[in-house]
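Q: Provide a 3D model corresponding to the input given below.
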Amino acid sequence: MKPKKNSLNDLGGIMYSTNPEFEYEEEVDDTVTSANNQQDLRVMLDKKNRGGKAVTLITGFRGRSEDLEVLGKMLKTKCGVGGSVKDGEIMIQGDVRDKVMGILQKDGYKVKKAGG
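A: Sure, this is the predicted structure:
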């Protein structure tokens, strides 16, 4: 689940700019991505708004979106299924929670099963 944003400061400051040359630079903490054992990932099964189809959802990744894309591609390849990476979450088609947890633990991630 995404953290709730209670104020404008939680949104990162700049909301709108009329300057056509303005480029927003997002600050990312690269120290977390350097060590997999500092990542605290949650693996859950989700069926909501998917037409009854189950997906394995991996949340809690902190770091660059490129690193998240690489992790998602690796998980999809090793599980032999499809999926996608959206909004800081990795969606893997089907109920492959145990397989995903095993793969992530071998790579050194801290993983917990979440949900029911």
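Q: going forward, measure contacts and count neighbours with C-alpha atoms only.
A: Noted.
Q: Distance check, residue 100 against residue 53.
A: 18 Å (CA to CA, to the nearest Å).
Q: Which neighbouring elements make contact with the helix or strand where residue 90 lies?
A: Using DSSP states H and E, residue 90 sits in strand 89-93. Applying 3 or more CA pairs under 8 Å, 6 or more residues apart in numbering; DSSP states H and E, we find strand 89-93 packed against strand 55-59, helix 65-79, strand 83-86.
Q: Try it again at 6 Å.
A: When contacts are defined as 3 or more CA pairs under 6 Å, 6 or more residues apart in numbering; DSSP states H and E, strand 89-93 packs onto strand 55-59, strand 83-86.
Q: Could you identify the helix or strand that succeeds that strand?
A: According to DSSP H and E, the helix or strand after strand 89-93 is helix 97-106.
Q: Could you point out which residue ranges in the protein have low pLDDT?
A: Within the chain, the stretches with pLDDT under 70 are 1-17, 24-35, 116.
Q: Nearest residue to the middle of it?
A: residue 89 (3.0 Å; CA atoms, centre = their mean).
Q: Isn't that one up against residue 59?
A: Yes: contact status for residue 89 versus residue 59: in contact at 5.0 Å, counting by CA atoms under 6 Å.
Q: just to revisit the earlier point, next, the contact list for the residue nearest to the centre of the chain, please.
A: Residues in contact with residue 89 (CA atoms under 6 Å, 6 or more residues apart in numbering) are 58, 59.
Q: mind running it again at 8 Å?
A: 57, 58, 59, 60, 61 (CA atoms under 8 Å, 6 or more residues apart in numbering).
Q: bridging residues for it?
A: residue 86 (DSSP bridges).
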